[in-house]
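*Asks:* For reference, the sequence and a predicted model appear below.
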Amino acid sequence: MPEITLREALQRGLREALDGNPNVYLMGEDIGAYGGAYAITAGFIDEYGPERIRDVPISENTFVGAAIGSAIGGLRPIVEFMSISFSLLAFDQMINIGAAIRYMSGGQFKVPIVIRAPTGSGIQLAATHSHAFENWLASVPGFRVVAPTTPYDALGLLRSALAEDNPVIMAEHVSLYGRRGEVPDDRYTVPIGKADVKLAGSDITLVAFAHGVVTAFEVADKLKERGIAAEVIDLRSLRPLDMDTILKSIAKTNRVALIDDNWRTGGMMAEVSAQISEQGFDLLDGPVARVGGDDVPAPYSRPLEQLVIPDSDRVIQAIQKTYGI
Amino acid sequence: MKVLERAKKTLLADLFRQMYLIRVFEEKCGELYGKGLIRGFLHLYIGQEANAVGAISVLRPEDHIVTHYRDHGHALARGLDVNRCMAELFGRATGVSRGKGGSMHLFDASRNFYGGHAIVGGHFPLACGLALAAQYKREDRVVLVFFGDGSVNQGTFHEAMNLASLWRLPVIFYLENNLYGMGSAAGRVRAAGSDFQGAGHAYGMDVVTVDGMDVMAVREATQAAAERARSGKGPAFIEAKTFRFQGHSMADPVKYRGHSEVEHWRKRDPLVTFPRTLVENGLVTEKELDRIRKEVEATIDEAIKFAEDSPWPGPEAVNEDIYA
């Protein structure tokens, strides 16, 4: 199977959407002539023209709101944030209209929009460009939220997102754009709301998403050296959350470690942990081992930034402390 | 006068009927709120009727309307079912938003009525987006967005004015300047004072100021703006000077403005001046107006009965309409 990068997988999905439906258009800051902050749409404007590859003024709340309005008006916009940090400026439109207008109107409107947002830290952009808010968005009824780790999942989830008549937020960890992976040529999809067992094992379940999955694999490698077989579950979807896959795994391993790059307090894994304690308490040999990012604004300096993002050693320590393995 | 003479008598009578419908609807809502039959926040449109009725009367059915939370007048002027509007305020399953929106969130997709929005200024981007969809699909539609003077201080106003002008979107920005954003006089919270033409000029828009107590003047201004937007010349900005006779909401004791100011505006009440002018000029008879009044009052009584008799939403409705 051919290997491509996650960036190329996204590009393939976006081109398919543009080619397949004249009502699909892309909108974002500097996605056209500039080619996008992370070069996802490089060259697109030459292929599809400025009406479909729309550069916008720097006014997040309004261009996202306008995209939502155009979706209600019958188009299928794909919006790109330059950073998920900038989505804070658009929470009003996203949440008060995008997620709520269908409910508030008694089901009269559809909002078929995909919002792509580079997220996460690790490239020294400090506190205004490194925080991740996909877990905040995942707490909003009306949204679907996905966070792919592999090129295969990125393309498959994007295809599913584009088949939805609901707002879908795709959180794209900036450190993953260049990662390579196998992607078949056929038009497969990855369902939204289904976690994936990325590595099968019998001794402990590691649950993570996006860049956290990379850490989980490092943890699994280190545990393997000690004869411990870890199962790695990639959430892929943050809303809806696939608890079945997690519980099924815990029923087998009786141990679980949750890995979250983002702030630990109120993080995505706080929700997963709560649901495990509600639905899987009897399956566990001990408490949930939860490892999250430090509760500090993201620092710039390399050694400081590396300190706040959980690495495999921190996860191993948590597992040893919790389960004695 | 010339405008009046050119207009058909049936149109004039209908404009009166619509304004009176809103007036009586709102007065009854105030009473029902006092009795606890309508809850939540309730913002009455009394005094501003000429704006909704005049502006919406020149639109086509395929045009879009987006408005703020003081939305009953716009909904009724757009022809939303009176019974179902009242039922919405009662929180009943038969309401225009199935009882899930309430007073501030009236919607009717079949009439291209996109709410009813209660984050001040939060609806400007939606208006731009609907206009973008129309422009993109080469549809012959314009979007009329109503907003108050308070929302002009929101970032979304400036962002949307910029976007609409930049992309020549077919949007009519209709400012209902009722001089107060809740309890704050416009000039007290806006550096450029209480005249708003500059806000339109700053974004290169066609700007017109109109008497928002004069339904015919409102019609004329909106017609011109709609033609401009339809012809691809882009958005327009209308500032209508108007006044709400009652408080911001039912909770407002109105301590921030004087009695004389209210009296001054009450003399210009469109529900007094417009019918008087019609009768004085022999365009509609007093008898005809009385007939309309009785019909409207019966319609509202019927709407209240409809709302009272309507079922509450069942518990299953809680989890419906979240996802398509």
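*Replies:* The structure has been received and is ready for your questions.
*Asks:* so what pLDDT did B:Lys2 get?
*Replies:* Predicted confidence (pLDDT) at B:Lys2: the value is 69.
*Asks:* for B:Lys8, same thing?
*Replies:* Per the predicted model, pLDDT is 89 at B:Lys8.
*Asks:* Check the burial of it by counting its neighbours.
*Replies:* By other C-beta atoms under 10 Å in any protein chain shown, 9 other residues sit near B:Lys8. Glycine gets a C-beta too; all of them are placed from N, C-alpha and C.
*Asks:* same deal with A:Lys252?
*Replies:* 15.
*Asks:* Distance of it relative to A:Arg290?
*Replies:* Distance of A:Lys252 to A:Arg290, given as C-beta to C-beta, to the nearest Å: 20 Å.
*Asks:* A:Ile250 now?
*Replies:* For A:Ile250, the distance to A:Arg290 - C-beta to C-beta - is 14 Å.
*Asks:* and if you look at B:Met86?
*Replies:* Relative to A:Arg290, and taking C-beta to C-beta, B:Met86 is found at 52 Å.
*Asks:* Just want to know which of those two has more residues nearby.
*Replies:* B:Met86 (29 against 22).
*Asks:* Just confirm that one contacts B:Ala307, I think it does.
*Replies:* Yes - contact criterion C-beta atoms under 8 Å: B:Met86 and B:Ala307 qualify, at 4.2 Å.
*Asks:* quick one: stretch A:221-240 to chain centroid distance?
*Replies:* Centroid separation for stretch A:221-240 versus its chain: 17 Å, with C-alpha atoms, centre = their mean, to the nearest Å.
*Asks:* so what's the residue in the stretch 1-150 of chain B that chain A sits nearest to up against?
*Replies:* In the stretch 1-150 of chain B, no residue comes nearer to chain A than B:Gly129, which is 1.8 Å away by C-beta to the nearest C-beta. The neighbours of B:Gly129, taking C-beta atoms under 8 Å, 6 or more residues apart in numbering or on different chains as the test, are A:Gly65, A:Ala66, A:Ala67, A:Ile68, A:Gly69, A:Ser70, A:Ala71, A:Ile72, A:Gly73.
*Asks:* any idea how far the closest residue to B:Leu37 other than its chain neighbours is from B:Asp309?
*Replies:* Excluding the flanking residues, the one nearest B:Leu37 by C-beta to C-beta, 6 or more residues apart in numbering or on different chains is B:Phe90, at 6.2 Å. Plainly put, B:Phe90 is 10 Å away from B:Asp309 if you go by C-beta to C-beta.
*Asks:* of the two, who's got more company?
*Replies:* B:Phe90 (22 against 12).
*Asks:* Give me the distance between the residue of the stretch 201-325 of chain A found nearest chain B and B:Gly101.
*Replies:* At 9.7 Å from chain B, A:Pro240 is the closest residue in the stretch 201-325 of chain A, using C-beta to the nearest C-beta. When distance is defined by C-beta to C-beta, A:Pro240 is 25 Å away from B:Gly101.
*Asks:* what kind of secondary structure is whichever residue of the stretch 51-200 of chain A sits closest to chain B in?
*Replies:* Residue nearest to chain B within the stretch 51-200 of chain A: A:Gly69 (1.8 Å; C-beta to the nearest C-beta). At A:Gly69, secondary structure determined by DSSP: H, G, I helix; E, B strand; the rest coil is helix.
*Asks:* list the contacts for it?
*Replies:* So A:Gly69 contacts A:Ile97, B:Pro125, B:Leu126, B:Ala127, B:Cys128, B:Gly129, B:Leu130, B:Ala131, B:Leu132, B:Ala133 (C-beta under 8 Å, 6+ apart).
*Asks:* Kindly report the same for B:Arg98.
*Replies:* Counting by C-beta under 8 Å, 6+ apart, B:Arg98 has contacts A:Gly106, A:Gly107, B:Pro313, B:Ala317, B:Asp321.
*Asks:* measure it to A:Gly142 for me?
*Replies:* From B:Arg98 to A:Gly142 the distance is 16 Å (C-beta to C-beta).
*Asks:* so where do the strands sit in the chain?
*Replies:* Picked chain A for this. A:3-5, A:24-28, A:53-55, A:76-80, A:114-119, A:144-146, A:168-173, A:180-182, A:196-199, A:204-208, A:230-234, A:237-239, A:256-263, A:289-293 (DSSP state E).
*Asks:* Switch to chain B, please.
*Replies:* Using DSSP E, strands in chain B cover B:64-68, B:113-117, B:143-148, B:171-177, B:180-181, B:184-185, B:206-211, B:236-241.
*Asks:* any chance of the ones you listed in JSON lines, plus mean neighbour count and mean pLDDT?
*Replies:* As requested, the strands of chain B are exported to JSON lines (neighbours: other C-beta atoms under 10 Å in any protein chain shown; pLDDT from 0 to 100):
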{"stretch": "strand B:64-68", "mean neighbour count": "27", "mean pLDDT": "98"}
{"stretch": "strand B:113-117", "mean neighbour count": "28", "mean pLDDT": "97"}
{"stretch": "strand B:143-148", "mean neighbour count": "27", "mean pLDDT": "98"}
{"stretch": "strand B:171-177", "mean neighbour count": "28", "mean pLDDT": "98"}
{"stretch": "strand B:180-181", "mean neighbour count": "22", "mean pLDDT": "94"}
{"stretch": "strand B:184-185", "mean neighbour count": "16", "mean pLDDT": "92"}
{"stretch": "strand B:206-211", "mean neighbour count": "19", "mean pLDDT": "96"}
{"stretch": "strand B:236-241", "mean neighbour count": "25", "mean pLDDT": "98"}
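*Asks:* Lovely, talk soon.
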